[in-house]
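1. just coords:
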């Protein structure tokens, strides 16, 4: 008799809802899958599968083929590594946010209070194209 197993697996590498949709589509097309629900907000895949037809390592391989990873190990070391990766992402995002604010505040001040200063437009171009463009690209365009 075929046994249907329902488990939750953490997914790493997703940066937007479109990533979650891609991961869900790939998992839905794997043999033995009954149902899949991928949630971007908590980076989890709720997978219901036939244990006789499918194995979690096959899901992991399928997700790795499109650039994500499925954590199938349930030991403490893998949970600690997952938490460490999450903390590193938060730290990186915090640093990028701080630098974006540092580059944006002078632009706002000049734009609001010193509009008639000669050569203000050149300052906008120089400041806007320096760090802000790079930081915006790395924060908002990770899944291109």
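-> Nice, I can see it. Here the structure is a predicted model, which is why all the values come from computation and not from measurement.
2. need the contact list for residue 7.
-> Residue 7 makes contact with 46, 47, 56, according to Cβ atoms under 8 Å, 6 or more residues apart in numbering. All C-beta spots, glycine's among them, are computed from the backbone N, C-alpha and C.
3. for it, helix, strand, or coil?
-> Under DSSP: H, G, I helix; E, B strand; the rest coil, residue 7 falls in the strand class.
4. relative to residue 46, how far out is it?
-> Remark: distance between residue 7 and residue 46 (Cβ to Cβ, to the nearest Å) = 8 Å.
5. ok, now residue 69?
-> From residue 69 to residue 46 the distance is 17 Å (Cβ to Cβ).
6. compare those two (neighbour count), which wins?
-> residue 69 (16 against 13; other Cβ atoms under 10 Å).
7. show me what the more buried one bridges to in the sheet.
-> With DSSP bridges applied, residue 69 shows beta-bridge pairing to residue 12.
8. confidence score at it?
-> Looking at residue 69, its pLDDT is 88.
9. again with residue 14
-> At residue 14, pLDDT is 87.
10. same question, the one 3 residues further on
-> Here the pLDDT value assigned to residue 17 is 87.
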